[in-house]
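Would you be able to build a 3D model of this:
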Amino acid sequence: MISRALLRIPAEHRKPIAQGLLWVAGIAAFFGALDFPMFLIKTEEKCKGHLWAKECKDVPIPLGDRVPHLLIAIGLFSIALICVFAAWRLISTQGHLKKYQAILTGVEAMDIGRIADITRSSPSRVRTEIQTLIDSDEISDFYIDYQRDQVVSKKYVPKSSHKTVVTCRLCGAHNELIVGITRSCAACGEPLILKAR
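Coordinates of the predicted model:
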């Protein structure tokens with residue numbers, strides 16, 4: 001769940017966010033390291049009197065008073081670990097996802113299975129990662145055709161298709177549509193529906 005959310009972050013923001021997460025991890029670990037020794041201290045010194053007539057005794061600290069320090073330290077260390085994991089995931093996936101851009105450069109259409117063979121991963125993972133790249137606008141000129149199981153360039157016009165004019169049902173604007181390729185209305189952004197005649 002965290003990994004999918006991190007993948008939706010645009011590439012130009014990943015490095016600064018990772019650096020911020022590492023700072024948060026460092027601060028949380030620092031304060032956790034300060035609070036943990038408070039749990040380990042089992043006695044405290046209680047003194048009576050003044051200067052020369054001073055008597056001091058070691059008094060045990062009840063476990064109930066020390067446990068909150070342990071819980072706070074564990075919580076802060078957990079936050080630090082989560083932040084380090086998230087920063088590592090942001091940085092490591094940045095290079096991992098760039099390989100799809102290199103594979104799809106100059107391609108009009110490519111089977112998902114072929115991309116999976118090239119990247120040595122499963123087709124479902126390739127589909128998910130490419131859809132993530134499309135959703136984060138890193139590769140905005142492609143879409144996934146789930147019926148043919150292909151990644152297709154939006155500029156690609158299939159040989160067996162033809163153009164037609166469609167009227168937008170929301171605003172009434174006329175739009176040119178290539179049969180077989182989904183598109184939104186240029187005026188209002190509503191998805192265009194091709195009515196069968």
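
contacting residues around residue 14?
The neighbours of residue 14, taking C-beta atoms under 8 Å, 6 or more residues apart in numbering as the test, are 90-91, 93-94. Just so you know, the C-beta spots here come from the backbone N, C-alpha and C atoms, and that holds for glycine as well.

cool, residue 55 as well?
By C-beta under 8 Å, 6+ apart, residue 55 lies in contact with 47-49.

Pick the one among these closest to residue 134.
Each of these was checked against residue 134 using C-beta to C-beta; the closest is residue 47, at 69.4 Å.

Now residue 46: phi and psi?
phi -110, psi 130 (degrees, to the nearest 10).

Could you chop this structure up by domain?
Under the assignment automatic domain parsing, the domains of the chain span 1-97, 106-155, 157-197.

Now do the helices in this structure.
2-7, 11-40, 63-104, 112-119, 123-135 (DSSP state H).

Buried residues of the fourth one, list them for me.
Of the residues in helix 112-119, those scored as buried under the neighbour-count criterion (16 or more other C-beta atoms under 10 Å) are 112, 115-116.

quick one on the thing from earlier: what's the most buried one of the domains of the chain?
Most buried of the domains of the chain, by mean neighbour count (mean count of other C-beta atoms under 10 Å): domain 106-155, with a mean of 15.

Now do that domain: distance to the chain's middle.
18 Å (C-alpha atoms, centre = their mean, to the nearest Å).

Let me know the average pLDDT across it.
Averaging pLDDT along domain 106-155 gives 85.

and the end-to-end length of that domain?
Using C-alpha to C-alpha, to the nearest Å, the end-to-end distance of domain 106-155 comes to 11 Å.

Ok, stretch 109-124 next?
End-to-end distance (C-alpha to C-alpha), stretch 109-124: 18 Å.

now stretch 44-63
Start-to-end span of stretch 44-63 (C-alpha to C-alpha) is 13 Å.

quick one: contacts for the residue nearest to residue 88 when sequence neighbours are not counted?
In this structure, residue 88 finds its nearest non-sequential neighbour in residue 18, 8.0 Å apart by C-beta to C-beta, 6 or more residues apart in numbering. Residues counted as contacts of residue 18 (C-beta under 8 Å, 6+ apart) are 86-88, 90-91.

export those residues to CSV and tack on distance to residue 67 and pLDDT?
CSV is the format used below for the contacts of residue 18 (distance: C-beta to C-beta, whole Å; pLDDT from 0 to 100):
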residue, distance to residue 67, pLDDT
86, 29, 91
87, 31, 91
88, 31, 90
90, 35, 84
91, 37, 82
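
Distance to residue 147 added to those residues, as a markdown table?
Output for the contacts of residue 18, formatted as a markdown table (distance: C-beta to C-beta, whole Å):
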| residue | distance to residue 147 |
| --- | --- |
| 86 | 36 |
| 87 | 39 |
| 88 | 37 |
| 90 | 33 |
| 91 | 36 |
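
thinking again about what came up before, quickly check the contacts of residue 14 for the two that are furthest apart.
Within the contacts of residue 14, 91 and 93 form the most distant pair, 7.6 Å apart (C-beta to C-beta).

gap between residue 60 and residue 46?
Per C-beta to C-beta, to the nearest Å, residue 60 is found 11 Å from residue 46.
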